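Asks: Any chance you could fold what I've pasted below:
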Amino acid sequence: MRRFVICCVAAVLFVPGMTVKRAVAQTDMSAFPLTKAIPADVFIAVATRANPEREFLDQYWGEVTKAFMDSGILTDVWDLITDAVPDEQIDEVEDIADRFGTLTKKVDWAALFQKEMVFAQRFHSSPQGSFYAEGVILGRIDKQKAPANYAALKSILDEIVKLIETKAGPGTVGVKEVKRNGLSITTLASPQAPDIGVHVALWNDVIIFGYGGSGMIDDSVALLKGSAKKPGLVTTPRFNNAFAQLPPAEDELVFWDIHRMFGSIQDMLSVINQGMAGHNAAAQATQPAEQDQSAAWLKFAATVLSDVSMFDSMASVTWTDGYRVFSDKVVSLRDGARSSPLYKIINDKRDLKHFETFIPKEAESFEVSAGIEPTRLYDYLVHLVRDEVPDGKGILTQFEQMQKEWKLDIRKDVLSLLEGTSATAVMGKDWILMIKVTNEKKTNAQVGRLLDAINDLLGQQNALMISKVQITEGVEFKQLSHPMMMMMGGMSPPVLGCAEDRFMLASSARIVRKCLRTAAGDHPNITKSKRWKAEALAPKGSVTSISFADETKTSQEWQAAIAGVSMGMGMMGMFAGDAPPQAQKIFTAIPPILAKLGPVVGKMDFYQSSAAYESFDGHRWYVHQVQNYKKPSQRHPDEVKEARAP
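Replies: Residues are numbered from 1 along each chain as shown. Predicted structure coming up:
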């Protein structure tokens with residue numbers, strides 16, 4: 001009998017069309033023990049854990065945090081807030097701040113999620129028609145510290161109740177603690193819905209924050225105990241199949257059940273629609289137009305959700321190697337996705353076999369993308385507006401009339417000329433945008449028409465100055481200049497035109513020439529760059545998009561942006577003489593605060609570069625990314641030289 005059973009099993013496994021194969025996630029879930037607490041019906045789950053390899057990041061961000069706390073910004077912001085408080089209320093506000101400040105200091109916030117953290121969320125629905133999100137955040141903490149931290153968090157909820165009661169009266173909200181089977185739950189909620197609110201819970205060495213209903217906390221603890229009646233997420237084939245496509249996670253893993261999320265929202269819309277249908281029958285005589293429009297918008301939302309539901313799930317993993325943080329992601333489509341109108345826009349036949357063709361070796365940053373089908377996207381949106389949007393036909397009629405006035409058919413004269421593939425590159429102060437076109441001659445003609453239309457709009461006295469620029473033999477571009485460019489920090493006159501089946505817009509003719517020489521094979525491309533080889537991700541085979549970004553000057557760029565905002569706020573303050581006194585105070589106070597933020601941002605000088613590429617096999621997208629960080633010696637080279645000096 002036993003032999004007969006074995007033969008039957010073997011037949012099932014090997015008969016064509018009946019193969020049974022269970023995928024096993026490559027990540028060792030025992031390394032993320034809190035994932036055991038995630039119920040199977042969630043639509044999003046995130047798990048992180050401490051990794052000694054990431055200590056350098058803790059140190060880097062610790063420097064930023066210290067600089068921020070030492071900057072005095074919090075004091076300035078608090079002064080700005082208290083200045084807006086009436087004198088008779090200032091003592092009350094300061095008392096509230098002192099009370100909450102004292103209570104929050106009793107919580108060891110850093111320890112709550114230092115070892116491990118899990119976040120998960122699901123939608124809750126009931127036969128009575130209630131629908132809301134509920135979620136949990138779990139953190140593992142030293143068992144000796146757990147009770148004290150739970151008590152401190154509970155005290156904060158108690159204080160929130162006291163504060164609300166002083167303004168809204170007793171009984172508006174309440175705090176209730178329930179203890180059962182080693183689990184303690186404290187809930188802040190309204191008496192009308194005592195189980196729906198904000199929750200803090202403790203079980204052994206696990207602190208749990210919850211929102212929505214408390215049922216998810218019970219489910220999570222039951223899974224941790226091993227007493228749950230239903231399996232957890234990490235035991236499901238759906239979860240394991242997603243992560244079987246990925247390398248092992250070391251730092252973080254994310255699972256997003258896209259189909260479940262959109263399906264739940266569709267169920268909610270269906271319940272609302274049914275409720276409205278019953279209500280409409282009674283209200284039709286008094287408000288027929290309003291009821292019909294509400295139903296139409298619900299139908300529009302349902303249609304969009306149905307189209308987007310071609311996506312099935314997303315899974316990602318993260319790991320650290322030296323001063324590099326890698327992440328891989330897979331996004332899967334549902335069976336039958338090819339029949340979706342959105343799939344036709346994406347088009348699985350689009351790929352880049354030679355992404356490097358136009359990207360010179362000297363490019364500090366670049367991005368190349370196969371893009372989407374512009375005309376198909378346009379047709380989809382027109383169909384959506386015409387058939388699903390209330391008064392959509394009227395909107396399209398107005399749009400068509402506007403195009404006639406412009407003497408322009410957007411689909412025929414613009415979108416049909418764009419193939420979809422695009423590329424950008426940055427070299428020093430030079431930049432370029434390249435878009436593949438279907439017809440160079442027609443594109444050049446349309447660009448000329450557009451420039452003429454812009455000059456007609458600007459008027460003769462303020463028109464763009466257009467001159468011809470020789471790029472290479474037989475290739476001529478237009479250069480645009482305007483007095484406003486000099487006022488914008490001396491912006492160089494851009495050039496634009498078509499070459500090699502690409503429309504190009506660039507900061508100079510110099511970078512256009514270099515890109516064309518690279519495409520012709522007369523100049524080395526980006527794959528010959530030593531930095532690219534050391535810091536980027538080299539794809540195997542064709543890709544749908546690829547990028548590399550130099551981030552060595554990130555902190556300086558942010559400092560410059562902050563300085564620009566500060567200057568703008570200062571100028572606004574100069575012209576705010578007629579504004580209310582409180583608004584004038586804000587305009588005056590913000591620039592000094594932003595000035596203090598500059599040195600804080602300066603501490604964020606640890607970014608080196610980032611790179612990514614994406615591929616698509618017709619059913620799944622695979623995304624590979626890396627974030628490169630500077631080594632300490634690269635951040636402060638002068639200090640290192642001093643230390644080494646005899």
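
Asks: Point out where the stretch 351-500 of the chain drops to low pLDDT.
Replies: 485-491 (pLDDT under 70).

Asks: Show me the strands in it, by range?
Replies: In the stretch 351-500 of the chain, the segments counted as strands under DSSP state E, counting those that start in this stretch are 365-369, 418-427, 430-437, 465-472, 475-481, 495-499.

Asks: Switch these over to TSV; also include mean neighbour count and distance to E614.
Replies: Quick note: C-beta positions are derived from backbone N, CA and C, even for glycine. TSV is the format used below for these (neighbours: other C-beta atoms under 10 Å; distance: least, C-beta to C-beta, whole Å):
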stretch	mean neighbour count	distance to E614
strand 365-369	21	9
strand 418-427	20	14
strand 430-437	20	18
strand 465-472	14	31
strand 475-481	17	31
strand 495-499	21	27
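
Asks: okay if I get those as a markdown table plus distance to W621?
Replies: Formatted as a markdown table, the strands of the stretch 351-500 of the chain follow (distance: least, C-beta to C-beta, whole Å):
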| stretch | distance to W621 |
| --- | --- |
| strand 365-369 | 13 |
| strand 418-427 | 16 |
| strand 430-437 | 21 |
| strand 465-472 | 36 |
| strand 475-481 | 36 |
| strand 495-499 | 31 |
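
Asks: what comes up buried for stretch 101-120?
Replies: In terms of neighbour count (16 or more other C-beta atoms under 10 Å), stretch 101-120 has its buried residues at 103, 107, 111-120.

Asks: Show me which of those residues has the smallest pLDDT value.
Replies: Sorting the buried residues of stretch 101-120 by confidence puts Q114 at the bottom, with a pLDDT of 85.

Asks: Isn't that residue up against R49?
Replies: No. Q114 is not in contact with R49 according to C-beta atoms under 8 Å; the separation is 9.7 Å.

Asks: How is the protein divided into domains?
Replies: Partitioning the chain according to automatic domain parsing yields domains covering residues 29-256, 357-524, 564-607.

Asks: which regions of the stretch 501-646 of the chain sit below the pLDDT cut-off?
Replies: Low-confidence segments of the stretch 501-646 of the chain (pLDDT under 70): 573-579, 582-583, 637-646.

Asks: how about a cut-off of 50?
Replies: 640-646 (pLDDT under 50).

Asks: in it, which spans are helices?
Replies: Remark: helices of the stretch 501-646 of the chain, listed N- to C-terminal, are 509-519, 530-535, 554-574, 581-602, 632-635, 637-644; assignment by DSSP state H, counting those that start in this stretch.

Asks: Out of those, which is the most enclosed?
Replies: Using mean count of other C-beta atoms under 10 Å, the stretch among the helices of the stretch 501-646 of the chain with the largest mean neighbour count is helix 509-519, at a mean of 21.

Asks: residues in contact with that helix?
Replies: Taking C-beta atoms under 8 Å, 6 or more residues apart in numbering as the criterion, the residues outside helix 509-519 that touch it are 357-362, 425, 427, 430-432, 434, 469-472, 475, 477, 479, 495, 499-500, 504, 506, 523-525.

Asks: relative orientation of it and strand 475-481 in degrees?
Replies: Direction vectors for helix 509-519 and strand 475-481, defined by axes from the mean of the first three to the mean of the last three C-alpha atoms, to 10 degrees, enclose an angle of 150 degrees.

Asks: So what's the gap between helix 509-519 and the chain middle?
Replies: Distance of helix 509-519 from its chain centroid, counting by C-alpha atoms, centre = their mean, to the nearest Å, is 34 Å.

Asks: go on, stretch 314-323?
Replies: The chain centroid and the centroid of stretch 314-323 are separated by 17 Å under C-alpha atoms, centre = their mean.

Asks: just stretch 294-306 next, same as before
Replies: Centroid separation between stretch 294-306 and its chain, computed with C-alpha atoms, centre = their mean, is 25 Å.

Asks: Please apply the same query to stretch 601-617.
Replies: Computed by C-alpha atoms, centre = their mean, the separation of stretch 601-617 from the middle of its chain amounts to 14 Å.

Asks: Quick one: end-to-end distance for that stretch.
Replies: For stretch 601-617, the separation between the terminal residues is 41 Å (C-alpha to C-alpha, to the nearest Å).

Asks: could you dump the domains of the chain to a markdown table with distance to S294?
Replies: Written out in a markdown table, the entries for these read as follows (distance: least, C-beta to C-beta, whole Å):
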| stretch | distance to S294 |
| --- | --- |
| domain 29-256 | 17 |
| domain 357-524 | 9 |
| domain 564-607 | 38 |
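
Asks: To S270, which of those lies closest?
Replies: Of all the domains of the chain, it is domain 29-256 that lies closest to S270, at 10.5 Å by C-beta to C-beta.

Asks: What's the end-to-end length of that closest one?
Replies: Using C-alpha to C-alpha, one end of domain 29-256 lies 17 Å from the other.

Asks: now do stretch 187-207
Replies: 14 Å.

Asks: Mind listing what's buried along that stretch?
Replies: Neighbour-count burial for stretch 187-207, with 16+ other C-beta under 10 Å as criterion, is recorded at 187-189, 196-203, 206-207.

Asks: Just these: which are in strands?
Replies: Here DSSP state E is the test, and the buried residues of stretch 187-207 give 187-189, 197-203, 206-207 as lying in strands.

Asks: so can I have TSV of the helices of the stretch 501-646 of the chain showing distance to M465?
Replies: As requested, the helices of the stretch 501-646 of the chain are arranged in TSV below (distance: least, C-beta to C-beta, whole Å):
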stretch	distance to M465
helix 509-519	16
helix 530-535	38
helix 554-574	27
helix 581-602	36
helix 632-635	44
helix 637-644	45
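
Asks: between those, which gets nearest to V304?
Replies: Of all these, it is helix 554-574 that lies closest to V304, at 34.9 Å by C-beta to C-beta.

Asks: I'd like to know which elements the closest one is packed against.
Replies: Using 3 or more C-beta pairs under 8 Å, 6 or more residues apart in numbering; DSSP states H and E as the contact definition, the elements that helix 554-574 packs against are helix 581-602.

Asks: can you give me the angle the helix it packs on makes with helix 554-574?
Replies: Going by the same axes, to 10 degrees, helix 581-602 makes 170 degrees with helix 554-574.

Asks: related to what we said a few turns ago, mind putting the buried residues of stretch 187-207 into a markdown table with distance to S214?
Replies: As requested, the buried residues of stretch 187-207 are exported to a markdown table (distance: C-beta to C-beta, whole Å):
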| residue | distance to S214 |
| --- | --- |
| T187 | 6 |
| L188 | 11 |
| A189 | 9 |
| I196 | 8 |
| G197 | 8 |
| V198 | 10 |
| H199 | 5 |
| V200 | 11 |
| A201 | 8 |
| L202 | 13 |
| W203 | 13 |
| V206 | 15 |
| I207 | 15 |
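
Asks: And those residues, which is closest to K154?
Replies: Nearest to K154 out of the buried residues of stretch 187-207 is V200 (C-beta to C-beta; 6.1 Å).

Asks: one step back: of the buried residues of stretch 187-207, the lowest pLDDT goes to which?
Replies: Scoring the buried residues of stretch 187-207 by pLDDT puts I196 last, at 90.
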